[in-house]
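Enquirer: no sequence on this one, just coordinates:
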């Protein structure tokens, strides 16, 4: 029987039963700790998950109870998640890059009875420790080394290793119903408190065979997991598909060892986000400047060796599926990687439909689009051009929020993505903006930020880009710089950015032309509340912080200013729009 026939209609935990029986000695998880790789076979993973179920039963947890997990990606995250499925619990994966107030809100709103506290940097735990409600059972993962973790003695009620070693395996093989709740995934949203999307077992069952058939996934594939497992994209593309395909998952030891670990694994499937693709590009160009690379890539035979060497250095020498998601990626960046024979497939989905939407296909991809629809993803376009979805992967609703659940759906039950898009004759989808992100300038003209930001992103020195200007004469853009140019003299960078704006503005409509650029003096991290845990820009927060500076710049003489220069500068009284004349 073929694998696709085996997985059809099965929940992830049912695949654990399958691999436990048919491939108990095959390595499933590989975890580096203090420069040593630790391996877990399918048989070992199943045994540990079963013992953990017994332990949780003894601690008084009942089927249907919510159990939260807060940890960097690691083998014990996956083992715990499988145990929760096996025991009939509902997992609540948590981002650790959030405020204490939000952290407390999620734990209380989800009614979590227990919290697994895993691999975390010490400052993160110090920031969130007091935000944990007192009545929660706290269970600690193993210590993952001084370079990547903190010691949990005195911080938790129980240790995972002890619970596993002191209990016998749970012997039953329960099969969840389609409508049984699997997980509650809190959105990494850009406004207000996160909403909890309730997903049932029908979601992974629907994805299973379709993902295997489209991408030919199988037990010879290797994955590298480092994006938050609390995000649906990593949960789908790595955790869930690994269980259906019998694929090996490898983890990173720490941020410092990331490139080394990735290079040693050389995964066949690799998923990242636009900001990290930008950082990888910066690391290459720091060692091999663009002009030199261009010259080498024009030399026959040598260009083959150069591309091969760069792919291996990135850790992608064996990658057959290279994916970007969670936020829009600039077409210019995709073209740059394609020049190295690295085809990045852009994917598109959301928390509410379990990231099951559109994605490019290897060898059949179109830069500037998010690919074609996955089979039976149930999409359609509204008359206004908004992308709508309706399929078994759609959430049951937002947890304890009937009003927002109703608002999220059309009258005929389709989820409103909030994304505006165009579908071409071949079925490729191009996202053109967000319904709520379009703003009106002082002149009454509407501006969609995404297309303008995409054109500005052709400058490799710019990392994060956020266009705003509601009520202003012309749009203003706020940017951060890639790490490699942050120490370049400001006047030199100012001239480069000014030249880029003057080159870009003629390609824009008059009301889209950029009146000025504000260079943020800080990197945008989730802890600063300007980006989500998946590094998606919180446009409303950026405009809230930079709004007064944007208004000042658009009425001033300068085209490019750093954030800290406004404090020293006197408000200028030049004519509005002078920079874009």
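Expert: In hand now; what should we look at? Values in this document were obtained by computation on a predicted structure and should not be read as measured data. Numbering: from 1, shown residues only.
Enquirer: Which elements pack onto the host helix or strand of residue 67?
Expert: Element membership of residue 67 [criterion: DSSP states H and E] is strand 66-70. Under the contact definition 3 or more Cβ pairs under 8 Å, 6 or more residues apart in numbering; DSSP states H and E, strand 66-70 sits against helix 75-87, strand 90-94, strand 112-117. Where you see a C-beta, it was placed from the backbone N, CA and C, and this is true even at glycine.
Enquirer: For residue 419, which non-adjacent residue is closest in space?
Expert: Distance criterion Cβ to Cβ, 6 or more residues apart in numbering; nearest residue to residue 419, sequence neighbours excluded, is residue 387 at 4.9 Å.
Enquirer: That neighbour and residue 429 touch, don't they?
Expert: Yes. In terms of Cβ atoms under 8 Å, residue 387 counts as a neighbour of residue 429; the distance is 7.2 Å.
Enquirer: Give me the neighbour count for the residue nearest to residue 419.
Expert: 25 (other Cβ atoms under 10 Å).
Enquirer: For beta bridges, what are the partners of it?
Expert: In this entry, residue 387 is beta-bridged to residue 381, by DSSP bridges.
Enquirer: returning to what we had before: list the residues that are in contact with both of residue 387 and residue 429.
Expert: Taking Cβ atoms under 8 Å, 6 or more residues apart in numbering as the criterion, residue 387 and residue 429 both touch residue 421.
Enquirer: State the number of residues packed around residue 1.
Expert: Around residue 1 there are 5 other residues, counting by other Cβ under 10 Å.
Enquirer: Lowest average confidence across helices and strands of this structure, where is it?
Expert: Sorting the helices and strands of the chain by mean pLDDT, DSSP states H and E puts helix 565-568 at the bottom, at a mean of 74.
Enquirer: How about the contacts made by residue 207?
Expert: 236, 240, 241, 244, 354, 356, 393.
Enquirer: closest to residue 560 among those?
Expert: Closest to residue 560 out of those is residue 236 (40.4 Å), distances taken as Cβ to Cβ.
Enquirer: could you pull out the helices for the stretch 251-400 of the chain?
Expert: 258-265, 274-287, 290-297, 302-314, 331-338 (DSSP state H, counting those that start in this stretch).
Enquirer: the domain parsing of the chain - what is it?
Expert: 3-245, 269-317+320-434, 439-580 (automatic domain parsing).
Enquirer: any idea which of those domains is most buried?
Expert: Highest mean neighbour count among the domains of the chain (mean count of other Cβ atoms under 10 Å): domain 3-245, with a mean of 19.
Enquirer: Okay, now that domain: how far is its last residue from its first?
Expert: 8 Å (Cα to Cα, to the nearest Å).
Enquirer: before we move on, what about stretch 483-497?
Expert: 16 Å.
Enquirer: What lies in contact with that stretch?
Expert: 279, 282-283, 285-286, 459, 461-463, 479, 481, 517, 519, 559-560, 562.
Enquirer: try stretch 505-516
Expert: 441, 443, 445-447, 452, 455-456, 467, 469, 472-477, 501, 504, 550, 553-554, 556, 558-561, 576-577, 579-580.
Enquirer: can you give me the mean pLDDT across stretch 305-322?
Expert: Here stretch 305-322 scores 95 as its mean pLDDT.
Enquirer: Let me have the helices and strands packed on strand 66-70 in TSV, extended by mean pLDDT and distance to residue 21.
Expert: As requested, these are exported to TSV (pLDDT from 0 to 100; distance: least, Cβ to Cβ, whole Å):
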stretch	mean pLDDT	distance to residue 21
helix 75-87	98	14
strand 90-94	97	24
strand 112-117	98	27
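Enquirer: among those, which is nearest residue 307?
Expert: Using Cβ to Cβ, the nearest of the helices and strands packed on strand 66-70 to residue 307 is helix 75-87, at 33.3 Å.
Enquirer: That closest one packs against which elements?
Expert: Secondary-structure packing of helix 75-87 (3+ Cβ pairs under 8 Å, 6+ apart): helix 12-22, strand 27-33, strand 36-41, helix 42-58, strand 66-70, strand 90-94, strand 248-251.
Enquirer: Show me what the third one is packed up against.
Expert: Applying 3+ Cβ pairs under 8 Å, 6+ apart, one finds that strand 36-41 makes contact with strand 27-33, helix 75-87.
Enquirer: Let me have those in TSV, adding distance to residue 166 as columns.
Expert: Formatted as TSV, those follow (distance: least, Cβ to Cβ, whole Å):
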stretch	distance to residue 166
strand 27-33	22
helix 75-87	15
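Enquirer: so which of those gets nearest residue 221?
Expert: strand 27-33 (12.1 Å).
Enquirer: Let me know the angle separating the closest one from strand 36-41.
Expert: 160 degrees (axes from the mean of the first three to the mean of the last three Cα atoms, to 10 degrees).
Enquirer: Tell me which stretches of the stretch 101-250 of the chain form strands.
Expert: 112-117, 137-140, 158-159, 181-186, 196-200, 222-225, 248-251 (DSSP state E, counting those that start in this stretch).
Enquirer: what does the stretch 451-581 of the chain give?
Expert: Under DSSP E, counting those that start in this stretch, the stretch 451-581 of the chain gives strands at 462-468, 476-481, 516-519, 560-562.
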